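Asker: Sharing a sequence plus its predicted fold:
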Amino acid sequence: MTTGGAKPVAGLYEVADGVYIYTITGFIMVNTGIIVGDDAVAVVDTGTTESDARALLNAVASVTDKPVRYVINTHYHGDHSFGNWWFLPAITIGHERCRLKLVGDEGASHRDTMASHMPMIREQVEAVPVTPPAVTFQNFVDLHLGNIDLKLAYLGRAHTDNDIAIGVEGADVAFAGDLIEQSGPPIAGEGFPNDWGPTLRKLGAAMVDRYVPGHGLIVDSMFVSDQASAFETLSRTCAGAETAAEAMEAMPQSVVDMLETQTPAAIQRYFETVTA
Ligand SMILES: [Zn+2]
């Protein structure tokens, strides 16, 4: 697996004027964004627990006196959204299907699943008041923070059916959530492998120098392209196979090198989500 133009991301890191990455180092390490405009402050993703959210709030307070006005969720997964409540009354924003996955029984069910997978922090996760985005959209939203404009874009199904990317106009940086992952292979268990490649091609077309993955180090457009190629090749191989086992046999090593332990899950999801 290549790391492209990866740079170390530790703690709080200013990537452009007023644009910060803060890596939450809780039970799940996750990259969050802090964007400080003249008029308003936005954060991208909020961590898994109250302590994650408070760590992010402390990071915000270290760079600005302004309150957080907007919380943007890259997708519904709890490691990106369960900290939302601690930012209220900020306006929470996400894809319309991100809200559906976090509202009511769906949200409680996701919280229970997350808690059961993380016995070390089970009680903290169970205590989360799951807070779905209040403002939702289908394709694009422009968010104006004064001197900084953000473009929120849904580019297609990939890691989930509600991943969005957040571009910072003029700053050569985009927050990609789990559309791309650097610290491990892209998690495919709920993914749409046949769509993931084309979605990443659209992300790569943003032509920014730096992409902030949900987990791991900043990557460049070559990394995004490599990950797109892996999903495209996987999908072509699956399309030429009768069964998942046959596809696994025929899978080129380049795909396995990129998707690693997630390769079987990606193949399985291909056959679950693509109807002949
Ligand atoms: Zn995720």
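Answerer: Cool, got the structure.

Asker: gap between the nearest residue to residue 173 once chain neighbours are set aside and the ion?
Answerer: Leaving aside its sequence neighbours, residue 173 sits nearest to residue 210 (CB to CB, 6 or more residues apart in numbering; 4.6 Å). For every residue, glycine as well, the C-beta is placed using N, CA and C. Residue 210 is 20 Å from the ion, where distance means CB to the ion, to the nearest Å.

Asker: Which positions in the stretch 1-150 of the chain make contact with the ion?
Answerer: residue 77 (CB under 5 Å from the ion).

Asker: in the stretch 1-150 of the chain, what residue is nearest the ion?
Answerer: Relative to the ion, the nearest point of the stretch 1-150 of the chain is residue 77 (3.5 Å; CB to the ion).

Asker: Look up phi and psi at that residue.
Answerer: phi -50, psi 140 (degrees, to the nearest 10).

Asker: Residue 168 now?
Answerer: The phi/psi pair for residue 168 (degrees, to the nearest 10) reads phi -100, psi 110.

Asker: Which residue is the nearest non-sequential neighbour of it?
Answerer: residue 19 (5.4 Å).

Asker: so who does that neighbour touch?
Answerer: Contact partners of residue 19, counting by CB atoms under 8 Å, 6 or more residues apart in numbering, are 33-36, 148, 168, 171, 173.

Asker: doesn't residue 51 make contact with residue 83?
Answerer: No: counting by CB atoms under 8 Å, residue 83 stays clear of residue 51, with 9.1 Å between them.

Asker: And stretch 214-223, how far out from the chain middle?
Answerer: Remark: stretch 214-223 is offset 12 Å from the chain centroid, using CA atoms, centre = their mean, to the nearest Å.

Asker: follow-up on the earlier one: more neighbours: residue 83 and residue 51, which one.
Answerer: residue 83 (31 against 16; other CB atoms under 10 Å).

Asker: Tell me, what's the model's pLDDT at that one?
Answerer: On the pLDDT scale, residue 83 is placed at 98.

Asker: Let me see the backbone angles for it.
Answerer: phi -80, psi 0.

Asker: Name the SS class of residue 93, please.
Answerer: Using DSSP: H, G, I helix; E, B strand; the rest coil, the structure places residue 93 in strand.

Asker: what's near enough to touch it?
Answerer: Residue 93 makes contact with 70-73, 133-137, 141, 143, 152 under the criterion CB under 8 Å, 6+ apart.

Asker: Kindly give a single ChimeraX line that selects the buried subset of these.
Answerer: Applying 16 or more other CB atoms under 10 Å to the contacts of residue 93, the buried members can be selected in ChimeraX as follows:
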select :70,71,72,73,133,136,137,141,143,152
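
Asker: Looking at the contacts of residue 93, which are in strands?
Answerer: Those of the contacts of residue 93 mapping onto strands are 70-72, 135-137, 141, 143, 152, per DSSP state E.

Asker: Measure how buried the residue in the stretch 151-276 of the chain that the ion sits nearest to is and give me the count.
Answerer: Closest contact between the stretch 151-276 of the chain and the ion, by CB to the ion, is at residue 178 (3.7 Å). Neighbourhood size, residue 178 [other CB under 10 Å]: 22.
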